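*Asks:* Whatever this is, show me its structure:
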Amino acid sequence: MPHWANRWRCCWVRRDMVRRGCSRQVADVCPVWLRSATGRTIIATDVQHCAMHHSLRLAWNLAQSVAPTLALQEPLAATPTGATVMWSLSRFSMLHKSVVSGAFGLLCFGMAVLGGLVHGWPQPLCSFGADLTAEQLEGKVVVKIDGKLMAEYLTSSGGKPVVWPILGPTDKPVTRAFPLAEAPDEKKDHIHHRSLWFTHGSVGGVDFWSEKKDGATIKHRQFVKVQGGKEAVIVTRNDWLAPDGTKVCEDQRSLTFGGDADSRWIDFDITITASEGPVKFGDTKEGTFAVRVADSIRVEAKKGGKIINSEGQVDAAAWGKQAAWVDYHGPIDGQTVGIAIFNHPTSFRFPTYWHVRTYGLFAANPFGVRDFTGDKNKDGSNLLPKGESITLRYRVFLHKGDEKTGKVAENYAAYAAQKK
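*Replies:* Down below sits the predicted model:
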């Protein structure tokens, strides 16, 4: 099939799924399967999951959304782990006649529900999102998921916007409270490590990373968008100001919050523009997109905390390495919880280097090449001409269990396949 036709089909499915009530998360993931090479299969576990945990109507809508794009070749027998209906993608046909697509959708829906009743309901590859709200208040936006607090976006803390608190899928904070609040037994080092933030240690020769008295600031200018729904979206514009108040550059950042029964996520996309003149992002390890994890998760807390990246490097060995994702997990109030940061393939200098420490700092930094490699002949700085921009894209994925239980690699693959 021509590449353009395959892309058209994927776009059609995604649009129709959103129209029928599916979350954007599911609509983004399902076309990933459609883009698979000839001969791959689609697993209909989400139809079963939807019928079991949401509604038969929504399950029917999901089956109807996929049905018109696929030619049924053969349904496969149920697997030992549960009834799984598969459709081969080795032959596609654009079936748009309502009778054919309706019959096919009914067949898929019926087999999925019947299989689930007989054999049990398998774990879905992706889940339908919850309802999220975003309430704009003085100096912040409060994000709630199904009526419970998920996070707050603060326009200014320590001279920069931050996200704090952040609650994971167990409804417990996953980042350090200090210095925004007092919490028992927390380490009080590095006052500039504020939950989740974005800064860099050398921008136009100015240090935006360290929190110095009368130092540089990132000043919130305006909210462009604050919206709830199946996802909560916050878009802001911010000015990067030198200590004397001179504007160095500006950014527009978009934060998209989502979640389901087992996970939460925050997509963080930022575009930095050299609005005032050329700007150089210097080669330093001090940066850039960062999280300070809850104290009990820290490797140095010796409570079972662990760092692992997409290359299999563990704990201190993950520092200064390039990787598509890194996961930091450990115990919070008796339950293992993980924080993973994903780097999108379209992000500047993917795969990024990682400034991740066993004491709790967890940062993605695409600029500190010399510092990370120890090679003085390398220079990771980037000169941005006036009027030009760079875009960095990340997802903070909060999950239950370790990186395997939380299916970090699988969730990264779904995220990486999303078009940005």
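
*Asks:* Going by contacts, tell me the helices and strands next to the helix or strand hosting residue 393.
*Replies:* Assigned by DSSP states H and E, residue 393 belongs to strand 389-400. Here strand 389-400 touches strand 263-273, strand 287-292, strand 335-343, helix 408-416, going by 3 or more CB pairs under 8 Å, 6 or more residues apart in numbering; DSSP states H and E. In short, each C-beta sits where N, CA and C put it, glycine included.

*Asks:* What pairs with the second one, parallel or antiparallel?
*Replies:* Same thing as strand 287-292. strand 196-200 (antiparallel), strand 361-365 (antiparallel) (DSSP bridges).

*Asks:* With mean neighbour count added, can I get the ones you listed in JSON lines?
*Replies:* Putting the strands paired with strand 287-292 into JSON lines (neighbours: other CB atoms under 10 Å) gives the following:
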{"stretch": "strand 196-200", "mean neighbour count": "25"}
{"stretch": "strand 361-365", "mean neighbour count": "25"}
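
*Asks:* Which of those strands sits closest to residue 286?
*Replies:* strand 196-200 (7.2 Å; CB to CB).

*Asks:* which helices and strands does the next helix or strand after that closest one pack with?
*Replies:* Later in the chain than strand 196-200, the nearest helix or strand by DSSP H and E is strand 217-227. Strand 217-227 sits against strand 132-137, strand 232-241, strand 247-259, with contacts defined as 3+ CB pairs under 8 Å, 6+ apart.

*Asks:* Show me the contact partners of the second one.
*Replies:* Contacts to strand 232-241, defined as CB atoms under 8 Å, 6 or more residues apart in numbering, come from residues 132-134, 141, 143, 150, 153, 155, 161, 203, 206, 208, 216-227, 247-258, 272.

*Asks:* wait, what's in contact with the nearest residue to residue 369 once chain neighbours are set aside?
*Replies:* Leaving aside its sequence neighbours, residue 369 sits nearest to residue 380 (CB to CB, 6 or more residues apart in numbering; 2.9 Å). Residue 380 makes contact with 283, 353, 366-372, according to CB under 8 Å, 6+ apart.

*Asks:* Helix or strand: which one has residue 380?
*Replies:* Judged by DSSP H and E, residue 380 forms part of no helix or strand.

*Asks:* One more: residue 371?
*Replies:* helix 369-373.

*Asks:* Only the buried residues of stretch 197-214, if you could.
*Replies:* 197-204, 206-209, 211 (16 or more other CB atoms under 10 Å).

*Asks:* Check what pLDDT the closest residue to residue 306 other than its chain neighbours gets.
*Replies:* Spatial nearest neighbour of residue 306, chain neighbours left out: residue 329 (5.9 Å); criterion: CB to CB, 6+ apart. Note for residue 329: predicted pLDDT of 98.

*Asks:* Quick check: residue 329 vs residue 276, distance?
*Replies:* The gap separating residue 329 from residue 276 is 41 Å, by CB to CB, to the nearest Å.

*Asks:* The two: who's more crowded?
*Replies:* Between residue 329 and residue 276, counting by other CB atoms under 10 Å, residue 329 is the more crowded of the two (26 against 16).

*Asks:* what lines up beside the one helix or strand that one maps to in the sheet?
*Replies:* Residue 329 belongs to strand 325-332 when assigned by DSSP H and E. Paired neighbours of strand 325-332 in the sheet (DSSP bridges): strand 306-309 (antiparallel), strand 335-343 (antiparallel).

*Asks:* Looking at the record's assignment, how would you partition this protein?
*Replies:* Split into domains by automatic domain parsing, the chain comes to 3-119, 132-416.

*Asks:* Would you tell me which one of these is buried the most?
*Replies:* Comparing those by mean neighbour count (mean count of other CB atoms under 10 Å), domain 132-416 comes out on top with a mean of 19.

*Asks:* who are the neighbours in contact with residue 411?
*Replies:* 263, 340, 342, 397, 399.

*Asks:* Over to residue 400?
*Replies:* If you count contacts by CB under 8 Å, 6+ apart, residue 400 has them with 168-170, 262-263, 335-338, 406.

*Asks:* repeat for residue 209
*Replies:* 192, 199-201, 284, 286-287.

*Asks:* For residue 231, see how far away it is.
*Replies:* Distance from residue 209 to residue 231, by CB to CB: 30 Å.

*Asks:* Beta-bridge partners for residue 252, please?
*Replies:* With DSSP bridges as the rule, residue 252 is bridged to residue 237, residue 271.

*Asks:* Please report how far it lies from residue 237.
*Replies:* For residue 252 relative to residue 237 (CB to CB), the value is 5 Å.

*Asks:* Then residue 415?
*Replies:* Residue 415 is 25 Å from residue 237, by CB to CB.

*Asks:* same thing with residue 171?
*Replies:* 32 Å.

*Asks:* Low-confidence bits of the stretch 51-200 of the chain, can you list those?
*Replies:* 51-129 (pLDDT under 70).

*Asks:* switch to 50 and redo it
*Replies:* 51-101, 104, 108, 112-113, 116, 118-127 (pLDDT under 50).

*Asks:* if I pick the residue nearest to residue 306, what's in contact with it?
*Replies:* Residue 329 touches 297, 305-306, 336-339, 399, 401-403, 406, counting by CB under 8 Å, 6+ apart.

*Asks:* With adjacent residues omitted, what lies nearest to residue 286?
*Replies:* With CB to CB, 6+ apart, the residue lying closest to residue 286 is residue 201, at 3.0 Å.

*Asks:* Hmm, I typed the wrong one, I wanted residue 373.
*Replies:* residue 320 (7.0 Å).

*Asks:* which non-adjacent residue is nearest residue 335?
*Replies:* residue 170 (5.2 Å).

*Asks:* Could you do residue 390 as well?
*Replies:* residue 348 is the one closest to residue 390 (CB to CB, 6+ apart), at 4.7 Å.

*Asks:* how close does that neighbour get to residue 181?
*Replies:* Residue 348 is 33 Å from residue 181, by CB to CB.

*Asks:* Residue 193 too?
*Replies:* 14 Å.

*Asks:* Any stretches of the stretch 201-350 of the chain with poor pLDDT?
*Replies:* Those would be none, if you go by pLDDT under 50 across the stretch 201-350 of the chain.
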